[in-house]
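Q: sequence isn't available, so here's the structure alone:
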C-alpha cells in the first residue's frame with residue numbers, strides 16, 4: 001500500500017507530522033511558522049518494502065505540483081515533470097505500464113503502482129487543503145485565493161479519478177472536503 005504523508009517545518013530541521021498540525025497550531029503561530037503561502041514542508045511517499053521518497057519544498061506549490069497536477073497527468077496516462085519551488089531541480093513521474101517511476105533531483109528513483117500512488121497523493125492533498133482552510137480561519141484571514149485554487153483543482157482531479165472507476169461516491173463522502 002502506498003501512502004503520502006506531509007510534515008510541516010516548524011524550525012530548522014524540525015518537522016511535525018500531519019497528525020500533530022492542529023494540536024501544535026498555537027506553537028507554530030508563535031514561532032512564525034505559518035505564512036500560508038510559504039510553509040516549508042516535506043511529503044513522504046512510502047510503500048512496504050521500499051525506501052521512502054522524500055520531497056521537500058513549500059507546501060502549496062508542492063501539493064499543487066506533486067499531488068494534484070501529478071495525479072491529473074497520471075490519470076490521463078501521461079508522464080509528468082515539475083520544477084521545485086525553492087530549489088533548482090525537477091521531479092519526473094514516468095509511466096511504466098501500471099507503475100510510475102518517480103525520479104529527479106534530490107530523489108532516489110522509486111517505482112510505485114500508479115493507482116495506489118494517485119490515491120495516496122489525492123488523500124495527501126485533501127489533508128493539506130483542510131489544514132490550510134483551518135489556518136486561514138484561525139488566523140481570521142480573508143479567503144486566500146491559493147487555497148480556493150487548490151481546492152478547485154483537487155475537486156477537478158478527484159472527479160477524473162471517480163470517472164476511472166476507482167472510487168465510489170460513498171468513499172468520497174467518507175473523506176469529503178466539506179467536513180469542516
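A: It's in. Quick caveat, the model's predicted, so the values are computed rather than measured.
Q: element containing residue 87, please.
A: In the assignment (DSSP states H and E), residue 87 maps to no helix and no strand.
Q: where do the strands sit along the protein?
A: 2-11, 14-17, 40-47, 53-58, 80-83, 90-96, 99-104, 110-113 (DSSP state E).
Q: and residue 69, which of the ones you listed is closest to it?
A: Judged by C-beta to C-beta, the one of those that comes nearest to residue 69 is strand 80-83, at 6.6 Å. Bear in mind the C-beta positions are built from the backbone N, C-alpha and C, glycine included.
Q: one step back: dump the strands of the chain into a markdown table; add mean neighbour count, mean pLDDT and distance to residue 120 as well.
A: Below are these laid out as a markdown table (neighbours: other C-beta atoms under 10 Å; pLDDT from 0 to 100; distance: least, C-beta to C-beta, whole Å):
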| stretch | mean neighbour count | mean pLDDT | distance to residue 120 |
| --- | --- | --- | --- |
| strand 2-11 | 20 | 89 | 4 |
| strand 14-17 | 14 | 85 | 16 |
| strand 40-47 | 19 | 94 | 7 |
| strand 53-58 | 19 | 94 | 11 |
| strand 80-83 | 16 | 98 | 15 |
| strand 90-96 | 17 | 97 | 13 |
| strand 99-104 | 19 | 97 | 11 |
| strand 110-113 | 18 | 96 | 8 |
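Q: next, format these as JSON lines and append distance to residue 164.
A: Converted to JSON lines, the strands of the chain look like this (distance: least, C-beta to C-beta, whole Å):
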{"stretch": "strand 2-11", "distance to residue 164": "16"}
{"stretch": "strand 14-17", "distance to residue 164": "30"}
{"stretch": "strand 40-47", "distance to residue 164": "20"}
{"stretch": "strand 53-58", "distance to residue 164": "23"}
{"stretch": "strand 80-83", "distance to residue 164": "16"}
{"stretch": "strand 90-96", "distance to residue 164": "14"}
{"stretch": "strand 99-104", "distance to residue 164": "15"}
{"stretch": "strand 110-113", "distance to residue 164": "14"}
